[in-house]
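J.: What follows is a predicted protein model with its sequence.
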Amino acid sequence: MTEKSFIRADEVAEELNVSKSYAYKVIKQLNDELSAKGYITVAGRISRQYFNERVYGAERREV
C-alpha cells in the first residue's frame, strides 16, 4: 500500500491514541502553524511529513 501525503483525523487519533475530536484539534493547530509559515493547508487533513516532524521530531520510519 502506498503512503498518502496527507492524513485525516481518524489516522491521527489512532496514532496518538486520542479521540477523533481531539485529533481534529491537533490537526487545526498544526495547520495554523503551516499557514503562519505561508503554506496552503486543507481543513481536516495534515501533511504526513509535517505531522511526523512535529510529533516524533523527525520523519518516522516503519521497520
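T.: Perfect, thanks for sending it. Residues are numbered from 1 along each chain as shown.

J.: Quick one: residues contacting Ala23.
T.: 9-10, 12-13, 16 (Cβ atoms under 8 Å, 6 or more residues apart in numbering). Every residue, glycine included, has its C-beta placed from N, CA and C.

J.: again, but for Ile46
T.: Ile46 touches 6-7, 12, 26-27, 30-31, counting by Cβ under 8 Å, 6+ apart.

J.: Only C-alpha atoms, please: export the helix or strand where Tyr50 lies in PDB.
T.: Assigned by DSSP states H and E, Tyr50 belongs to helix 48-56. Extracted in PDB, the C-alpha atoms of helix 48-56 (Å, rounded to 0.1, in the frame of the first residue of the first chain):
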ATOM      1  CA  ARG A  48       2.100  13.300   6.900                       C
ATOM      2  CA  GLN A  49       5.700  14.700   6.800                       C
ATOM      3  CA  TYR A  50       4.900  17.700   9.000                       C
ATOM      4  CA  PHE A  51       2.900  15.600  11.400                       C
ATOM      5  CA  ASN A  52       5.800  13.200  11.800                       C
ATOM      6  CA  GLU A  53       8.300  16.100  12.300                       C
ATOM      7  CA  ARG A  54       6.200  17.700  15.000                       C
ATOM      8  CA  VAL A  55       5.100  14.600  16.800                       C
ATOM      9  CA  TYR A  56       8.200  12.500  16.600                       C
END
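
J.: Who are the packing partners of that helix?
T.: strand 6-8, helix 9-16, helix 20-36 (3 or more Cβ pairs under 8 Å, 6 or more residues apart in numbering; DSSP states H and E).

J.: related to what we said a few turns ago, show me which of the contacts of Ala23 is closest to Val42.
T.: Minimum distance to Val42 across the contacts of Ala23 is 12.0 Å, recorded for Ala9 (Cβ to Cβ).

J.: Quick check, that closest one in contact with Tyr24.
T.: Yes: in this structure, Ala9 is within contact of Tyr24 by Cβ atoms under 8 Å, at 5.0 Å.

J.: between the two, which one's more packed in?
T.: Per other Cβ atoms under 10 Å, whichever of Ala9 and Tyr24 has more neighbours is Ala9, with 21 against 16.
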